[in-house]
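In: Build the 3D model from these lines:
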Amino acid sequence: MQTAALIILLGVAGLVLAEYLRVPSIAPLMVLGILAGPDVIGLVNPGDFGAFLPVIVKLGVAIIIFEGALTLSVARLKAHLKIVRNLVAFGLILTLAGGAALFTLVLGADPLLGLVFGALVAITGPTVVQPLLRRVPVSEAVSGILRGEAILIEPAGVLLAALIYEIAAATSPTAGGAIAFFLQGIGVGCGFGLAAGLILRYGLRYVGTRDNIKNLVALAVVLGAFGGAETLAPDSGVLSVALAGLMLSGSEFAGKASLKQFKGQITLLTIAVVFILVSAGISLDSVVLIGWRGVLIVAALLFVVRPVSVFLCTIGSRLSAKEKIFLAGVAPRGIVSGSVASLFAIQLAGRGYAEAETVVTVVFMAIGATVLVIAPLTKHFARATDVYLNRSRSVLFVGAHALSRLIARRIMAAGYRTTFIDTYYAHCMVTRREFEHVVHGSALDEEALVDAGAAGTGLLLAFTENDETNILITQFARREFQIPVRAVILQVGADDSIAKHVAESDIKVAFGGRMNLAEWIGAAERDEISVVRFATERDIRTLEPLVEKIRDFALPLCYEEGDFLNPVFRTSRLRSGATIQFVVKRAGPGRLEEEFKRFCAELGGGEGR
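Out: From the prediction side, this is the model:
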């Protein structure tokens, strides 16, 4: 009991440390696990858990894989499906062959152990890839491919490693037996996965109205599918949970955002516990004994096998040479490969394979190299290969309503990338008819913002009808994604405390001042809005006095200065020669022209056109 409590304490400490250092969580978790293990301080000994250790590790892997599949954007996966398919199918085989050859030749190990090693190091993990992409915004193509590969290759790699393990463990293995085992695993895994996915997809709507109950039901169904699949075909459970997660990720239902948030929290704790536990089992003596040979294997995997695999799997694609180079250089291994390696090593050692511990050691050396060495250099590598996103040309709208769409059309025409996020599914469906990047979810959910590309966003416009929610969203976006410019709508009836908070913060006020959002959304939906332009001949310090007079029939939308198009904020300062674009209700152009001329006359000049 004390050991379990200590593992949880160390795991949470590792998560906090990762957040503080802004690194993938398994980096500090690995260090803490090794320090707490028998070879150093001796606080945690995985052997104390006995027969429960495989159960803990397997359930942990199941939860991690399901959560990864649940957060995968099916729409983005479809856009790069051919490349992801190649990396998961052919890339897995190429890395397995390369890893097996290196392990066998360099260490002189049993070829079957080499194949187990090759299958495990072929698994790139979303537990590392997703935090990495959260902090290093890269092009959509590269991001989608890396995330899709990491999530889909896990169950494939585990199932393939399990097949090789069964061959190694069998007293008289045959080709027919191996094929039967593999096909049985796929059939059972797909069967339970489809059943669980259908139950969750269509059954959650009947489980009351409380999201917390739905979340627990979903967890029970997923673990039930995993247990059922494992009972009929060992190691097929990972395929079942992955398939169930993918089915849910591609569907929309009430409570989905809450489910993703709940699963994210459970997964965080699972990662912390499992990785502390398996890292504590690493033998430092084995690391020293393998020494330079392990370094050589890992270096060859990173700088020879991975690049060859990527370039072969992307032949004929539209990816640029620099995008291929970046994909070739980023393939971090994560908790699943380390956990499964530890599990198989215990089982293989019991079958008489004395070198089984070597598999774990070199797998963890590969994890350590990619997480502790490669990951910190990823941002510099992204800049060098020109895949790092230009934040200044990316805008995220919170609220996929008609007014947001109207603004998006204007800024897209100027070359900006636009993305929408909204909790209302109906809004998302309408917006998807016209715009490609639309996410159904809450802007207060980290995973939803990751899907929306918040890491590469330079401007966030919180345009919901709830003033407090808008402020919370801007604060969350700054804290979690460092979005530099964040703006809210300040409504006519906004509480004075909200207006004061906005005035004292770095949050911008859109449209130059207060406005009635619901009224303007309605006008946009009825197509009662047009856009007019007015040029300035004097510098303008603020448009707020003008907005106070025209907000019932017109609002300043954005302004053009040279080749740049910028949204109008209350604090915007316009130079002489700038052109302001106004949205005007049907009966308002004449009144707007009069008010604008009067406003400019007070400044000393201006004309409409």
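In: and the helix or strand hosting R147, what's its mean pLDDT?
Out: Assigned by DSSP states H and E, R147 belongs to helix 140-169. Helix 140-169 shows a mean pLDDT of 82.
In: likewise stretch 119-129?
Out: 82.
In: can you check stretch 420-439 too?
Out: pLDDT averaged over stretch 420-439 gives 87.
In: Likewise for stretch 340-355?
Out: pLDDT averaged over stretch 340-355 gives 74.
In: Please enumerate residues in contact with it?
Out: 46, 53-54, 57-58, 61, 107, 109-110, 113, 116-117, 120, 123, 158, 161, 165, 168-169, 278, 281, 356-357, 359-360, 363-364 (C-beta atoms under 8 Å, 6 or more residues apart in numbering). Any C-beta I mention is one placed from the backbone N, CA and C, and that applies to glycine too.
In: returning to what we had before: give the next helix or strand downstream of the helix holding R147.
Out: In the C-terminal direction from helix 140-169 (assignment by DSSP H and E), the next one is helix 175-203.
In: what's the spacing between that next one and its chain's center?
Out: 26 Å (C-alpha atoms, centre = their mean, to the nearest Å).
In: now that helix and helix 140-169, what's the angle there?
Out: For helix 175-203 against helix 140-169, the angle by axes from the mean of the first three to the mean of the last three C-alpha atoms, to 10 degrees is 130 degrees.
In: how about helix 175-203: buried residues?
Out: 181-182, 185, 188-189, 191-193, 195-197, 199-201 (16 or more other C-beta atoms under 10 Å).
In: and if you look at stretch 370-383?
Out: For stretch 370-383, using 16+ other C-beta under 10 Å, the buried residues are T370, V371, L372, I374, A375, T378, F381, A382.
In: Give me the distance between the first one and V116.
Out: Read that as T370. Distance from T370 to V116, counting by C-beta to C-beta, to the nearest Å: 19 Å.
In: Equivalent analysis for the second one, please.
Out: Plainly put, V371 is 21 Å away from V116 if you go by C-beta to C-beta.
In: same check, this time on K263
Out: Counting by C-beta to C-beta, the gap from K263 to V116 is 29 Å.
In: try H437
Out: The value you get for H437 to V116, if C-beta to C-beta is used, is 41 Å.
In: still on that earlier bit, so can I have TSV of the buried residues of helix 175-203 showing distance to I7 and pLDDT?
Out: Converted to TSV, those look like this (distance: C-beta to C-beta, whole Å; pLDDT from 0 to 100):
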residue	distance to I7	pLDDT
F181	33	77
F182	34	77
G185	30	83
V188	32	90
G189	29	89
G191	34	92
F192	30	93
G193	30	91
A195	33	92
A196	29	90
G197	32	88
I199	32	88
L200	30	84
R201	35	81
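In: could you dump those residues to a markdown table with distance to C558?
Out: Output for the buried residues of helix 175-203, formatted as a markdown table (distance: C-beta to C-beta, whole Å):
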| residue | distance to C558 |
| --- | --- |
| F181 | 62 |
| F182 | 58 |
| G185 | 56 |
| V188 | 57 |
| G189 | 52 |
| G191 | 54 |
| F192 | 52 |
| G193 | 48 |
| A195 | 51 |
| A196 | 48 |
| G197 | 44 |
| I199 | 48 |
| L200 | 43 |
| R201 | 41 |
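In: from those residues, which is closest to L268?
Out: When the buried residues of helix 175-203 are compared for distance to L268 (C-beta to C-beta), L200 comes out closest, at 21.2 Å.
In: Isn't V129 up against R147?
Out: Yes. Here V129 lies in contact with R147, judged by C-beta atoms under 8 Å, at a distance of 6.1 Å.
In: chain center to stretch 20-40, what's the gap?
Out: 22 Å.
In: buried set for it?
Out: 23-30, 32-34, 36-39.
In: ok so, going back, restricted to helices, list the buried residues of stretch 370-383.
Out: Among the buried residues of stretch 370-383, the members falling in helices (DSSP state H) are T378, F381, A382.
In: Kindly indicate which of those residues lies nearest S143.
Out: Nearest to S143 among these, with distances taken as C-beta to C-beta, is A382, at 10.4 Å.
In: ok, and the closest non-adjacent residue to the closest one?
Out: Y388 (4.1 Å; C-beta to C-beta, 6 or more residues apart in numbering).
In: cool, A510 as well?
Out: Using C-beta to C-beta, 6+ apart, the closest residue to A510 is A487 (4.6 Å).
In: quick one: strands adjacent to the helix or strand encompassing the one you found?
Out: Using DSSP H and E, A487 maps to strand 485-488. The pairing partners recorded for strand 485-488 under DSSP bridges are strand 459-462 (parallel), strand 508-509 (parallel).
In: For the helix or strand where G338 lies, C-alpha coordinates in CSV please.
Out: Per DSSP H and E, G338 falls inside helix 335-350. In CSV, the C-alpha atoms belonging to helix 335-350 read as follows (Å, rounded to 0.1, in the frame of the first residue of the first chain):
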residue,chain,number,x,y,z
ILE,A,335,5.3,4.8,-22.6
VAL,A,336,3.6,2.0,-24.6
SER,A,337,6.8,0.7,-26.1
GLY,A,338,8.5,0.9,-22.7
SER,A,339,5.7,-0.7,-20.8
VAL,A,340,5.2,-3.6,-23.3
ALA,A,341,8.9,-4.2,-23.4
SER,A,342,9.0,-4.5,-19.6
LEU,A,343,6.1,-6.9,-19.7
PHE,A,344,7.5,-9.1,-22.4
ALA,A,345,10.9,-9.2,-20.8
ILE,A,346,9.5,-10.6,-17.6
GLN,A,347,7.6,-13.3,-19.6
LEU,A,348,10.6,-14.1,-21.9
ALA,A,349,13.0,-14.4,-18.9
GLY,A,350,10.6,-16.9,-17.4
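In: Give me the buried stretch members for that helix, please.
Out: 335-346, 348.
In: Give me the buried positions along stretch 513-529.
Out: Those would be G513, R514, M515, N516, L517, W520, I521, A523, A524, I529, for stretch 513-529 by 16+ other C-beta under 10 Å.
In: my guess is the last one contacts R405, does it?
Out: No. Assessed by C-beta under 8 Å, I529 is found out of contact with R405, at 11.2 Å.
In: tally of neighbours for the nearest residue to Q261 once chain neighbours are set aside?
Out: Nearest residue to Q261, sequence neighbours excluded (C-beta to C-beta, 6+ apart): D445, at 5.4 Å. If you count neighbours by other C-beta atoms under 10 Å, D445 ends up with 20.
In: taking the buried residues of stretch 20-40 one by one, which sit in helices?
Out: Reading helices off the buried residues of stretch 20-40 with DSSP H, I get I26, A27, P28, L29, M30, L32, G33, I34, A36.
In: Pick out whichever of these sits closest to G68.
Out: Nearest member of these to G68, counting by C-beta to C-beta, is I26, at 13.8 Å.
In: so where is the stretch 201-350 of the chain shaky, pLDDT-wise?
Out: 208-210, 252-257, 350 (pLDDT under 70).
In: try it again with 90
Out: 201-219, 230, 233-239, 242, 244-291, 316-320, 329-350 (pLDDT under 90).
In: mind listing the helices in it by residue range?
Out: 211-232, 237-249, 256-279, 284-290, 292-300, 306-313, 321-329, 335-350 (DSSP state H, counting those that start in this stretch).
In: relative to helix 211-232, how tilted is the second one?
Out: Same thing as helix 237-249. Using the same axes, to 10 degrees: helix 237-249 against helix 211-232 is 150 degrees.
In: same for helix 237-249, what does it pack against?
Out: helix 52-70, helix 140-169, helix 175-203, helix 211-232 (3 or more C-beta pairs under 8 Å, 6 or more residues apart in numbering; DSSP states H and E).
In: All set, thanks.
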